[in-house]
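how would this look folded up:
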Amino acid sequence: MGQAMATRLVQAGHEVMVYNRTREKLAPLLALGAQPAASIAEAARYGGIVLSMVSDDAALTSVAHDPQGLLAGLPRGGIHVAMGTHGVPTVEALEKAHQAAGQTLVSAPVLGRPEAVTAGRLGVLAAGEAAALARVRALLEALGRRVFELGSEPRAAAATKLANNMLLACAIEAMGEAFSLVQKCGAPPAAFQEVVTDGLFASPAYTIYARIITERSWDKAGFSVALGLKDVDLALAAGGRAAVPLPSASVCRERLLSAVAHGDVQKDWAVMALEQARASGLD
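Now for the predicted structure:
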């Protein structure tokens, strides 16, 4: 995701400095005209705005608090745009750390798989101080089709992304149940896929995942079980802090844990449908 996003920024004409722990991964970006950074801190100093796209809370905390990290490198008045999917407490703590350093945090997680970035269809959920949002808006707009502004509190964007991913997990779970039911009653999965995608559920989420379930193509992971389980756990934790029961998310968590137990942790999280099929005596 990060490489695709940086590519979009360079192609949009922005001056971009990039950092990756594995320098070889920077080669395509450098060929486009991006500048290499020797450290996270050097990247943070470049232009006073830094975008991070990392996989989990531990990685975000590390890149922020490392001695050569974002807090050390970003100048006073600088803006950190955190674009990964992160827990609400982590975002709240990072916001306070940036404030103490005279910096600003914008939480801007994204909606869409990697191919959506390349096609310019990415959605961006942005929350933070109004002046900071205005300053980074052109960068966010270069990444996709729409920026959704969610207020002044960065945690609002984090919670919205978790809620969106939880809803998607529930859709996959429900499709897995539905596909198993029709298959046990003699209907071909491909026919049911057409019913789903050419009827009331004709939307990208159902179209993409109904196809994956029908084709059983979960070996090509656009979003892995490991990442899905992480996000569902974060959603449940956010629900616990806000006293919001999330029973459907709990069902999804159990299905994802079952996939882990079957050795499918790196497969696409649509493999939840396979777990349902197994429970239904179909596999």
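
how does the protein divide into domains?
Using automatic domain parsing, the domain ranges for the chain come out as 2-152, 159-279.

mind naming the longest helix for the protein?
The helix spanning the most residues in the chain, taking DSSP state H as the definition, is helix 154-184.

let me see the ranges of the strands in the protein.
Secondary structure of the chain (DSSP state E): strands at 17-18, 35-36, 49-52, 79-82, 104-107, 110-111, 122-126, 144-149.

got a markdown table for the domains of the chain, with mean pLDDT and mean neighbour count too?
Quick note: C-beta positions are derived from backbone N, CA and C, even for glycine. Shown next, in a markdown table, are those (pLDDT from 0 to 100; neighbours: other CB atoms under 10 Å):
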| stretch | mean pLDDT | mean neighbour count |
| --- | --- | --- |
| domain 2-152 | 93 | 18 |
| domain 159-279 | 96 | 18 |
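
just want the angle from the longest helix of the chain to strand 122-126.
Using axes from the mean of the first three to the mean of the last three CA atoms, to 10 degrees, the direction of helix 154-184 lies 140 degrees away from that of strand 122-126.

ok, now how distant is residue 254 from residue 191?
Counting by CB to CB, to the nearest Å, the separation of residue 254 from residue 191 is 29 Å.

just residue 228 next, same as before
On the measure of CB to CB, residue 228 and residue 191 end up 27 Å apart.

again with residue 244
With CB to CB as the criterion, residue 244 and residue 191 are 38 Å apart.

again with residue 149
When residue 149 is compared with residue 191 (using CB to CB), they lie 42 Å apart.

do the same with residue 7
Residue 7 sits 39 Å away from residue 191, taking CB to CB as the criterion.

residue 95 reaches residue 105, doesn't it?
Yes: the pair residue 95 and residue 105 passes the contact test of CB atoms under 8 Å, sitting 4.5 Å apart.

next one: the residue nearest the centre of the chain relative to residue 14, how far apart?
Note on the chain: the residue nearest the mean C-alpha position is residue 85, at 4.8 Å, using CA atoms, centre = their mean. Taking CB to CB as the criterion, residue 85 is separated from residue 14 by 23 Å.

cool, and residue 156?
Where residue 14 is concerned, residue 156 sits at a distance of 26 Å (CB to CB).

helices of this protein, start to end?
Per DSSP H, the chain has helices spanning 2-11, 27-32, 40-45, 57-65, 70-73, 88-100, 114-118, 130-143, 154-184, 189-197, 204-215, 225-242, 247-261, 272-279. These are given in chain order.

before we move on, the earlier item: closest to residue 263 out of the strands of the chain?
Evaluated with CB to CB, these place strand 110-111 nearest to residue 263, the distance being 29.2 Å.

who touches that closest one?
By CB atoms under 8 Å, 6 or more residues apart in numbering, the surrounding residues in contact with strand 110-111 are 1, 5, 83, 117, 122-125, 143-144, 161, 164.

show me what contacts the residue nearest to residue 101 when sequence neighbours are not counted?
The shortest distance from residue 101 to any non-neighbouring residue, by CB to CB, 6 or more residues apart in numbering, is to residue 71 (5.3 Å). Each residue near residue 71 by CB under 8 Å, 6+ apart is listed here: 64-65, 97-98, 101, 103.

hang on, the earlier thing: residue 261 is nearest to which of the strands of the chain?
In this view, these are compared for proximity to residue 261 by CB to CB, and strand 110-111 is the closest at 29.3 Å.

give me the sheet partners of that closest one and which way each runs.
For strand 110-111, the paired strands and their directions (DSSP bridges) read strand 122-126 (antiparallel).

what angle do the partner strand and helix 130-143 make?
Computed by the same axes, to 10 degrees, the angle separating strand 122-126 from helix 130-143 equals 170 degrees.

just the CA coordinates for strand 122-126, please, in PDB.
The C-alpha coordinates for strand 122-126 follow below in PDB (Å, rounded to 0.1, in the frame of the first residue of the first chain):
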ATOM      1  CA  LEU A 122      -8.900   5.000  -2.800                       C
ATOM      2  CA  GLY A 123     -11.100   6.600  -0.100                       C
ATOM      3  CA  VAL A 124      -9.300   8.500   2.700                       C
ATOM      4  CA  LEU A 125     -10.800   9.000   6.200                       C
ATOM      5  CA  ALA A 126      -9.200  12.100   7.700                       C
END
